[in-house]
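Colleague: Quick one: sequence plus predicted model below, questions after.
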Amino acid sequence: MDPLPPYTAVVLAGGRAARLGGRAKPQLLVGGRPILASVLDAVADAERRVVVGPPQPVPDDVLLVREQPPGGGPVSAIRAGLDAVGTEVVVVLAGDLPFAGPAVVRGLLERLTGDGVMAVDDAGRDQYLLGAWRTAALRAAVTAARGPAPLRRVLAPLDARRWHPEVRPGEAPPWLDCDTPADLARARAIADGHLDPPRPPRPSLVPRFQEPHDPR
């Protein structure tokens, strides 16, 4: 097996979290610890770990930076994080993914081809903030973006591989984020040992075409 490339981890830990009452999502507790702590554990073997977001508790060896303008969205946040990246590969994660563990990060790095690789969830949606990227390609894409732009549009020109991580019965999906109170309740139930809690009910009427989910 080829050795994995050295990489830097950029974790996006900002956003307004309006659906959670404005609380800082990365600092919410799942399994008795902040979600951000679990995300940082997933990239413990990174050459450097960078958290992008407002002032918040992080380990001493983690660099905390702020996007400009503050709250400017994932494209601005990635751009700010990349300023601190010196490796040829970067792993980009959302800061509200309590179950994106080391095995998933390793799986991404093992499958890195072209410009990058991203996870795809069980609904077929690209998870742009659960991926590994060639630093130069990602930097060129976010640098070329002008003004507020959806991350999916900015990254669309990149040659990115899609990977659907295997989720065994009883395991939590690594793409499970905590955007809503229902999401947070489900994550906490899974972490507490209720391995297959019911999903929150979905509306009976949905648009025929839906925008891909943005973790920010």
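Modeller: Ah, there it is. Numbers count the residues shown, from 1 in each chain.

Colleague: in the chain, which ranges drop under the pLDDT threshold?
Modeller: Residue ranges of the chain with pLDDT under 70: 1-2, 15-23, 194-216.

Colleague: Could you measure from the closest residue to Leu108 other than its chain neighbours over to Ala191?
Modeller: Closest residue to Leu108 apart from its sequence neighbours, by Cβ to Cβ, 6 or more residues apart in numbering: Ala132 at 4.1 Å. Quick note: C-beta positions are derived from backbone N, CA and C, even for glycine. Relative to Ala191, Ala132 is positioned 25 Å away (Cβ to Cβ, to the nearest Å).

Colleague: Likewise for Ala44?
Modeller: Distance of Ala44 to Ala191, computed by Cβ to Cβ: 19 Å.

Colleague: and what of Val52?
Modeller: Noted for Val52: a distance of 25 Å to Ala191, by Cβ to Cβ.

Colleague: Over to Asp45?
Modeller: For Asp45, the distance to Ala191 equals 23 Å [Cβ to Cβ].

Colleague: Could you check which of the two is surrounded by more residues?
Modeller: Per other Cβ atoms under 10 Å, whichever of Asp45 and Ala191 has more neighbours is Ala191, with 19 against 14.

Colleague: Can you name the residues that contact the more buried one?
Modeller: By Cβ atoms under 8 Å, 6 or more residues apart in numbering, the contact set of Ala191 is Val30, Gly31, Gly32, Pro98, Ala172.

Colleague: hey, where'd the helices end up in this protein?
Modeller: Using DSSP state H, the helices found in the chain span residues 35-42, 74-82, 102-110, 135-144, 151-155, 181-191.

Colleague: what lines up beside the biggest strand by length in the chain in the sheet?
Modeller: When the chain is parsed with DSSP state E, its longest strand is strand 126-134. Applying DSSP bridges, strand 126-134 is found paired with strand 89-94 (antiparallel), strand 116-120 (antiparallel).

Colleague: Out of these, which is the most enclosed?
Modeller: The highest mean neighbour count among those, using mean count of other Cβ atoms under 10 Å, belongs to strand 89-94: a mean of 26.

Colleague: and for that one, what are the contacting residues?
Modeller: Residues outside strand 89-94 that contact it (Cβ under 8 Å, 6+ apart): 5-12, 39, 42-43, 46, 78, 81-82, 100, 105, 108-109, 112, 128-135, 138, 177, 215-216.

Colleague: do the same with stretch 135-153
Modeller: With Cβ under 8 Å, 6+ apart as the test, stretch 135-153 has contacts from 8, 72-75, 78-79, 82, 85, 87-90, 92, 115-116, 126, 128-129, 154-155, 157-159, 211-212, 214, 216.

Colleague: gap between the nearest residue to Pro34 once chain neighbours are set aside and Arg33?
Modeller: Nearest-residue entry for Pro34: Gln27, 4.9 Å, with adjacent residues in sequence omitted and distances by Cβ to Cβ, 6+ apart. Between Gln27 and Arg33 the distance is 10 Å, computed by Cβ to Cβ.

Colleague: quick one, which of these two is more surrounded?
Modeller: Applying other Cβ under 10 Å to Gln27 and Arg33 shows that Gln27 carries more neighbours, namely 16 against 12.
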